[in-house]
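Novice: I would like the atomic coordinates for the input below:
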Amino acid sequence: MKVSKLAANLIGSEIVKIGNEVNDLKAKGAEIANLTIGDLNSNLYPIPALLKEEIQKAYQNNLTNYPPANGLLSLRKEVSKDLKNRWNLDYSPNDILITAGSRPLIYAVYKTIVDEGDKVIYPTPSWNNNHYAYLTSADAVEVKTTAETNFLPTADDLRPHLGGAVLLALCSPLNPTGTMFTKEQLSEICEMVLEENKKRGVDEKPLYLMYDQIYSNLTFGAEHVDPVSLFPELKEYTIYIDGISKCLAATGVRVGWGFGPSHILDKMKALLTHVGAWAPKPEQEATAKFFENPENVNVFVEDFKGKLEESLKVLHGGIQDLKGKGLAVESIEPMGALYLTIKLDYIGKTKPDGSVIKDSSDLVFYLINDAGVALVPFSAFGEAKSEPWFRASVGGLAVDEIKVMLPKLENALNNLK
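Specialist: You can find the predicted model right below:
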């Protein structure tokens, strides 16, 4: 049966495909160390107790009708205060938009700025920019990055592509790599964006910068940096993506926020009124109450990210041990988020059954079946399937489970010839 061209050519999520395989095997009794999903085991990492109490209280108080289109004023006020206190960013409640997590915000940024055929620039690997570019019929310019720069784009990488572009999409800490921009790296890119906008005429669209900092509170020693803090004149061009999904272990609570220039945020709000992508009113009310005391956030985040960092260190150390044993593996020291970047250089190797690992997807499914280890290849983030790099998320496993998994991974890799 016929469907729209957009629907017919839409590419499904490779992460979901891998996840389905994992779930099928687990349903049959298999033990799988699931390092795929950028989510959290809520039994290991429950949301803050006070936040849970406030959500329950809001439902008991029957706050179950529509919230305002741009979010509860009480929450937008608290977000405004938090941005000032935490990052010294000045955004009024009117310049903040609350949605059901960050995905509607990213989609709205694309739909608000990008016309069919407009040039959009983003690095690979990066999360879902390829899909949002497709949904907006953008002229997507994918800038390939390398391990030498922690898979973050440099100003030199981006410079040849800025002419005529309307959107540059960046993320730090980065999903899928868990790496971060330094002040120097981001400053060079910001200066370049400002230079490009000085060339634009009054009738031309500016080059906007979408900055996804959903993981900004989950950093390990490194300092999170953002464009407007570095260059206040970028405020009229920068749209931020943020929220509680990651920093409060609240992926299913669905409270995100964007902030940026009023004329962009107002159009995003208008667009999303037709989509209905609001965060539920009780969850908004509870988040506002939780943020009233900044210590609520600080205490939870410090404990939570300490646990994530421990898991990531164990996994990183385990991969480095395998490297020391002569296996063709590598990992990049994690800087933030809940991800470790792992290289498994086994594409082209032969499995015990005589078949060949022809690409990264083949290796993923081999490891699921023969090691009980599930990873996501960078091909899910816009890279070629020939690339031997993978994302490992520690949000779903306890430290002990990671330790048990490592010998199984070693054995499976040793069986490839």
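
Novice: Do a quick rundown of the helices in the stretch 201-350 of the chain.
Specialist: Ranges of helices in the stretch 201-350 of the chain, per DSSP state H, counting those that start in this stretch, are 227-230, 262-273, 281-291, 294-324.

Novice: Just the buried positions in the helix or strand of the chain with the lowest mean pLDDT, please.
Specialist: Lowest by mean pLDDT, DSSP states H and E among the helices and strands of the chain is helix 14-27, with a mean of 85. Buried residues in helix 14-27, defined by neighbour count with 16 or more other CB atoms under 10 Å: 14-15, 18-19, 21-22, 25. Just so you know, the C-beta spots here come from the backbone N, C-alpha and C atoms, and that holds for glycine as well.

Novice: Which one of the helices of the stretch 201-350 of the chain lies nearest to Leu51?
Specialist: helix 281-291 (4.7 Å; CB to CB).

Novice: what packs against the closest one?
Specialist: helix 49-60, helix 73-87, helix 294-324 (3 or more CB pairs under 8 Å, 6 or more residues apart in numbering; DSSP states H and E).

Novice: Just the CA atoms of the first one, as CSV, please.
Specialist: C-alpha atoms of helix 49-60 as CSV (Å, rounded to 0.1, in the frame of the first residue of the first chain):
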residue,chain,number,x,y,z
ALA,A,49,12.9,10.6,46.1
LEU,A,50,11.6,14.2,46.5
LEU,A,51,10.9,14.5,42.8
LYS,A,52,8.9,11.3,42.9
GLU,A,53,7.0,12.5,46.0
GLU,A,54,6.2,15.8,44.2
ILE,A,55,5.0,14.0,41.1
GLN,A,56,2.7,11.8,43.2
LYS,A,57,1.4,14.9,45.1
ALA,A,58,0.7,16.7,41.9
TYR,A,59,-1.5,13.9,40.6
GLN,A,60,-3.3,13.7,44.0
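
Novice: helices or strands up against that helix?
Specialist: Counting by 3+ CB pairs under 8 Å, 6+ apart, helix 49-60 packs on helix 281-291.

Novice: contacts for the helix it packs on?
Specialist: 48, 50-51, 54-55, 57-59, 63-67, 71-72, 74-75, 77-79, 81-82, 98, 244, 248, 253-255, 296-297 (CB atoms under 8 Å, 6 or more residues apart in numbering).

Novice: hang on, the earlier thing: tell me the most buried of the helices of the stretch 201-350 of the chain?
Specialist: helix 281-291 (a mean of 24; mean count of other CB atoms under 10 Å).

Novice: so that one versus helix 49-60, what angle?
Specialist: Here helix 281-291 points in a direction 140 degrees away from that of helix 49-60 (axes from the mean of the first three to the mean of the last three CA atoms, to 10 degrees).

Novice: circling back to that earlier point, now the next helix-or-strand element following the least confident helix or strand of the chain: how far from the chain's centre is it?
Specialist: Later in the chain than helix 14-27, the nearest helix or strand by DSSP states H and E is strand 33-34. Centroid separation for strand 33-34 versus its chain: 19 Å, with CA atoms, centre = their mean, to the nearest Å.
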